[in-house]
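Asks: only the shape, not the letters, is given here:
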């Protein structure tokens, strides 16, 4: 099944636009006497078991696994394997390199880590994204506008008479010949999200930055969804995985998202 | 020792501006009955043994290790460990993420993989680079202008009345408070390289794209070096590692670079 079908199906089944970011930091949780691999995996397993009925996707950020080296990456592989095939896994990797090397990264994220979708960085242009896009059944979310302060350094200034992030959005729309592209737009600026959605048509938009990063949920949902009220993927990481009861928090957030939908 | 001192010392000792890219593709070389880890490591070991007197740095691109999963990354760790402490290792990883996650990536490249320097992507702006820059003894090479066709999509169009890549060069110069930043500028456009060098002062410039990618060596050297004829790091990967005799090819290329210096 291709990524968009998988995503739409999961959204429908769980009546959810919520994505849970699986970004555990053992510095916060500790790992007692278990191995690093087991500690991360066991933590994720518990979160997944409790939240799987309330999400449309999971989004592990590979940085939080790489920081533990081989053992961390083993936990990532186990985690992705553990997630039900009905729920898409978006590997947040923000990869970007020239064609030959991008091909190696595409192999890594799709064939080795077996993600259903990946986030990529547009700075190197089309041929750096093409090897990912060529995996027709996989999703490719291109960074457009991020939720951090540094987005104002390069993404927001004008390029070709529009902000660079809009320039990126337009290019990605043009490159979306396999209908497997999406955009990443942080939750921190409602008007900008609205502008991107009006350009993006029915492409899915991954929206991180609600919760810990302070983005406004109501406007993220309202301006992120398509006309038929789908294809916005609202990510929350720390707010859910570190909650006392991740399942209850995930259900609460899913329901709140649905109220604004 | 900080990265710049390490680099300058290696350049002087080997009278070299040559960097060898350790990007082996087992699809080309095969791996017989050995494990993937051993095959990659043994290949790299041979290249390193033969070339170590002729280089100022090594640059493994992590994509070519990630594509082999855990075993590939184990080979990367072994390879970096094997390289003499006198020769800096630039891990070509092109990482870039928001602050909290960039911190995890910085841990990964410097503490886990133990690289001396890293390449990073500027799209997310200053706070995505800061955690790397905060490792004062490590080098941080920011992508400026790449050697691929897609560089014309976003890097070359005007932003704030100059091409985005010049905008990036100026910002990085400003951010270089720890004197550990550098730039990545592909070898494929001599005039643009000249413009970046005139902006970059004495920052090191990593120049991939000679050889297999067709960049002109003479202009890359002439326009890449500083006034005292240093700090250009000329990378060649496939042209050296797949040569019949990598040592002889590395010496030849080092000497050719020095003729233009």
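Replies: Received it, and whenever you're ready, just let me know what you need. Source: prediction; values computed, not measured.

Asks: for the stretch 151-261 of chain A, what lies in contact range of chain B?
Replies: Counting by CB under 8 Å from any CB of the partner chain, the stretch 151-261 of chain A comes close to chain B at A:151-155, A:157-160, A:164, A:167-168, A:171, A:213. All C-beta spots, glycine's among them, are computed from the backbone N, C-alpha and C.

Asks: where does the stretch 101-250 of chain A have low pLDDT?
Replies: Applying pLDDT under 70 to the stretch 101-250 of chain A flags the ranges A:212-215.

Asks: thinking again about what came up before, now for the residues of the stretch 151-261 of chain A next to chain B: which two are most distant?
Replies: Pairwise distances among these were taken by CB to CB; the largest, 28.9 Å, belongs to A:160 and A:213.

Asks: so those two - more neighbours on which side?
Replies: residue A:213 (20 against 13; other CB atoms under 10 Å in any protein chain shown).

Asks: that older thread, would TSV of the residues of the stretch 151-261 of chain A next to chain B with distance to residue A:133 and secondary structure be doable?
Replies: As requested, these are arranged in TSV below (distance: CB to CB, whole Å; DSSP: H, G, I helix; E, B strand; the rest coil):
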residue	distance to residue A:133	secondary structure
A:151	24	helix
A:152	28	helix
A:153	27	helix
A:154	23	helix
A:155	21	coil
A:157	27	coil
A:158	27	strand
A:159	22	strand
A:160	22	coil
A:164	20	helix
A:167	18	helix
A:168	14	helix
A:171	12	helix
A:213	28	helix
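
Asks: which of those residues are buried?
Replies: Among these, the ones that count as buried by 16 or more other CB atoms under 10 Å in any protein chain shown are A:151, A:153-155, A:159, A:164, A:167-168, A:171, A:213.

Asks: for these, which one is nearest chain B?
Replies: Nearest to chain B out of those is residue A:153 (CB to the nearest CB; 3.3 Å).

Asks: contact partners for that closest one?
Replies: Shown in contact with residue A:153 (CB atoms under 8 Å, 6 or more residues apart in numbering or on different chains): B:122, B:125-126, B:171.

Asks: out of those, who's near chain A?
Replies: B:122, B:125-126, B:171.

Asks: tell me how far the residue of chain A positioned farthest from its centre lies from chain B.
Replies: Largest separation from the mean C-alpha position in chain A: residue A:33, at 31.6 Å (CA atoms, centre = their mean). According to CB to the nearest CB, to the nearest Å, residue A:33 stands 22 Å off from chain B.

Asks: which parts of the stretch 51-200 of chain A are strands?
Replies: A:57-59, A:90-95, A:117-120, A:139-145, A:158-159, A:162-163, A:181-185 (DSSP state E, counting those that start in this stretch).

Asks: just put those strands in JSON lines and tack on distance to residue A:41.
Replies: Formatted as JSON lines, the strands of the stretch 51-200 of chain A follow (distance: least, CB to CB, whole Å):
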{"stretch": "strand A:57-59", "distance to residue A:41": "14"}
{"stretch": "strand A:90-95", "distance to residue A:41": "16"}
{"stretch": "strand A:117-120", "distance to residue A:41": "21"}
{"stretch": "strand A:139-145", "distance to residue A:41": "24"}
{"stretch": "strand A:158-159", "distance to residue A:41": "43"}
{"stretch": "strand A:162-163", "distance to residue A:41": "41"}
{"stretch": "strand A:181-185", "distance to residue A:41": "26"}
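
Asks: could you find the closest non-adjacent residue to residue A:223?
Replies: Leaving aside its chain neighbours, residue A:223 sits nearest to residue A:194 (4.1 Å; criterion: CB to CB, 6 or more residues apart in numbering or on different chains).

Asks: what about that neighbour, distance to chain B?
Replies: Distance of residue A:194 to chain B, given as CB to the nearest CB: 21 Å.

Asks: need the contact list for the nearest residue to residue A:107 once chain neighbours are set aside.
Replies: Using CB to CB, 6+ apart and skipping the chain neighbours, the partner closest in space to residue A:107 is residue B:67 (4.4 Å). Applying CB under 8 Å, 6+ apart to residue B:67 gives the contacts A:104-105, A:107-108, A:111-112.

Asks: among these, which lie within helices?
Replies: Among these, the members found in helices (DSSP state H) are A:104-105.

Asks: quick one: buried ones out of the contacts of residue B:67?
Replies: For the contacts of residue B:67, buried by 16+ other CB under 10 Å: A:104-105, A:107-108, A:112.

Asks: angles on the backbone of the residue lying closest to residue A:231 once chain neighbours are set aside, please.
Replies: Closest residue in space to residue A:231, ignoring its immediate chain neighbours: residue A:204 at 4.4 Å, by CB to CB, 6+ apart. With angles defined as degrees, to the nearest 10, residue A:204 sits at phi -70, psi 140.

Asks: and residue A:97, how close does it get to residue A:6?
Replies: 26 Å (CB to CB, to the nearest Å).

Asks: who has more neighbours, the two?
Replies: Under the criterion of other CB under 10 Å, the comparison of residue A:97 against residue A:6 puts residue A:97 first, with 26 against 22.
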